[in-house]
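**Q** Kindly return the folded structure for what I paste below:
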Amino acid sequence: MTLKYLMDENVDPLYANQIRRREPSIVIKMVGEPETPPKGTLDPEILVWCEDRDFALVTNNRSSMPVHLTDHIAIGRHVPGIFMLNSGLSIDQNIERLIEINLGYKQDEYLDQIVYLTSR
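**A** Prediction:
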């Protein structure tokens, strides 16, 4: 099983473009692209989309996402994982961490978790 990423609409498209360039085997989509939720979709709906399609969410929404995840789990739903970009790391460092996490992924390793990216 592979880990697929959905990039939140507030994440710079550079992240998806660089991951696609560096590691083409990683499935990565951005909110607003074809077959993804449209821009402006509310976070709870994004989590349902991620669960239904087995995508982990990559976001920089540190304030409300923990609340949305708690609510999502409370109604019996799940999400493959949420990855919070680290503003203290460079874009390149965040990208490298996402690639490392993806390549070392074990099924359900990040289920219902928020993972705050850190430097290695």
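
**Q** in this structure, which spans are strands?
**A** 4-7, 28-30, 55-59, 82-84, 114-116 (DSSP state E).

**Q** so where's the chain uncertain?
**A** Applying pLDDT under 70 to the chain flags the ranges 1.

**Q** what sits against residue 84?
**A** 59-62, 65, 114-117 (CB atoms under 8 Å, 6 or more residues apart in numbering). To be clear about C-beta, it is placed using only N, CA and C from the backbone, and glycine gets the same treatment.

**Q** any chance of the residues you listed in TSV, plus neighbour count and distance to residue 5?
**A** TSV is the format used below for the contacts of residue 84 (neighbours: other CB atoms under 10 Å; distance: CB to CB, whole Å):
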residue	neighbour count	distance to residue 5
59	21	10
60	18	14
61	18	15
62	13	18
65	20	15
114	17	14
115	16	12
116	10	16
117	20	12
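
**Q** so what's residue 75 up against?
**A** By CB under 8 Å, 6+ apart, the contact set of residue 75 is empty.

**Q** quick one on the thing from earlier: which stretch among the strands of the chain comes nearest residue 104?
**A** strand 114-116 (12.5 Å; CB to CB).

**Q** Direction included, what does the closest one pair up with?
**A** Using DSSP bridges, the strands paired with strand 114-116 are strand 82-84 (parallel).

**Q** just how off-centre is the strand it pairs with within its chain?
**A** Put simply, strand 82-84 sits 5 Å off its chain's centre (CA atoms, centre = their mean, to the nearest Å).

**Q** and if you look at stretch 22-36?
**A** Using CA atoms, centre = their mean, the offset of stretch 22-36 from its chain centre is 11 Å.

**Q** Contacts for that stretch, please.
**A** Residues contacting stretch 22-36 (CB under 8 Å, 6+ apart): 2-9, 11, 13, 16, 19-20, 37-39, 41, 46, 49, 55, 95, 99, 102-103.

**Q** Go again with 6 Å.
**A** 4-9, 16, 19, 37, 39, 99, 102 (CB atoms under 6 Å, 6 or more residues apart in numbering).
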